[in-house]
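[1] Sharing a model that was predicted from the sequence below.
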Amino acid sequence: MKGRKKLFAIIVGVLLIVGIGTSVFIFASRPDLTVSLNKSSLLIQRGTLQTLQISIATKNLASGQVSLSTSGLPTNVTASFSNPDPQIQAGGSTESNLTITAGVHAYGQNSTVTITASSNGLTRQAALLIAVVGNTNNYDIGGSYAGGWNITTINTVEGDVIVLHLTSSDSLTHAFFVDYNGNAVSDPNEPLSPNFTSPTIPITLRFIITQVGTFSYYCKYHPTMTGTLHSATP
């Protein structure tokens, strides 16, 4: 038909060559990298280390030396790579082990660590959520409306795990909570136990210390039942 132009397309590597009539257009895909981890989050004990695997793959003929780095680590937590500067070939992939070490004084909850891979002007990142946990401390706490809690002071540090075994000395309904924001009311994201009424069969409340400071704890139903939780840095 008159006026119709012939269209042709040729793919050469990462180039797409398109011809329309007497005109030729070349479309090129840019070299790229992908970075991935074998874990998206990490719970690590103070004084220990854990190792993860980082995978790096090329796209569109990217190649060369890749530089790896981290940022956003919790306090007294370090990171090291088994190979911080791996080489990667076009169309290939490479790996490096990432070792996370939490010192004996490490702390930090919900820290987002960024792993960065850079090569020939390209920068790609992956995120790792880290929470540092410390010692596990158990307490047998009984409570009554008339006498309050039998333990009125808990000393701990950020990252410690607190396990409470709660009983009701007077068989009334009680519920233990930590008041982080100081309003004497149980709010979302504050540790709160289920109701308990038994003087002999305990209810267990387990929580991680996520803040540093001095806080009160209460009975949800009897606000005169109080105690103090002291949390310090490790």
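    Sure, I can see it. Not measured: the values here are computed from a predicted model.
[2] List the buried residues for the single longest strand found in the chain?
    For the chain, the strand with the greatest residue count under DSSP state E is strand 93-107. Under the neighbour-count criterion of 16 or more other Cβ atoms under 10 Å, strand 93-107 has Thr94, Ser96, Leu98, Ile100, Thr101, Ala102, Gly103, Ala106, Tyr107 buried. Placement of C-beta: from N, CA and C, glycine included.
[3] Could you save those as a markdown table and add columns showing pLDDT?
    As requested, the buried residues of strand 93-107 are arranged in a markdown table below (pLDDT from 0 to 100):
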| residue | pLDDT |
| --- | --- |
| Thr94 | 89 |
| Ser96 | 96 |
| Leu98 | 98 |
| Ile100 | 98 |
| Thr101 | 98 |
| Ala102 | 97 |
| Gly103 | 96 |
| Ala106 | 94 |
| Tyr107 | 90 |
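[4] Just give me the closest of the residues you listed to Ser198.
    Tyr107 (35.4 Å; Cβ to Cβ).
[5] got the domain boundaries for the chain?
    1-30, 32-133, 136-232 (automatic domain parsing).
[6] Quickly, which of the ones you listed bottoms out on average pLDDT?
    Averaged per stretch, pLDDT over the domains of the chain is lowest on domain 1-30, reaching a mean of 49.
[7] how about the helices of the protein, start to end?
    With DSSP state H as the definition, the chain shows no helices.
[8] distance of the most centrally placed residue in it from Ala102?
    Centre of the chain computed as the mean C-alpha position; nearest residue by Cα atoms, centre = their mean is Leu129, 2.2 Å away. According to Cβ to Cβ, to the nearest Å, Leu129 stands 14 Å off from Ala102.
[9] now do Ala146
    44 Å.
[10] What of Leu166?
    Distance from Leu166 to Ala102, by Cβ to Cβ: 30 Å.
[11] Double-check Ser198 against Ser171; I have them as touching.
    Yes. Shown here, Ser198 and Ser171 form a contact pair, counting by Cβ atoms under 8 Å, at 7.4 Å.
[12] still on that earlier bit, from the buried residues of strand 93-107, pick the one nearest Asp85.
    Ser96 (9.1 Å).
[13] Nearest spatial neighbour of the closest one, chain-adjacent residues omitted?
    Asn83 (4.5 Å; Cβ to Cβ, 6 or more residues apart in numbering).
[14] and the one you found, how many neighbours does it have?
    Burial of Asn83 is recorded as 13 neighbouring residues (other Cβ atoms under 10 Å).
[15] Next, give phi and psi for it.
    Backbone geometry at Asn83, expressed as degrees, to the nearest 10, gives phi -140, psi 100.
[16] give the contact list for it.
    Leu68, Thr94, Ser96, Asn97 (Cβ atoms under 8 Å, 6 or more residues apart in numbering).
[17] and the gap between the third one and Thr224?
    The gap separating Ser96 from Thr224 is 58 Å, by Cβ to Cβ.
[18] now swap in Asp160 and tell me
    27 Å.
[19] Repeat that for Gly103.
    41 Å.
[20] for His105, same thing?
    Applying Cβ to Cβ to His105 and Thr224 gives a distance of 37 Å.
[21] can you check Ser55 too?
    Ser55 is 57 Å from Thr224, by Cβ to Cβ.
[22] higher neighbour count, these two?
    Taking other Cβ under 10 Å, Ser55 and Thr224 do not tie; Ser55 has more neighbours (14 against 9).
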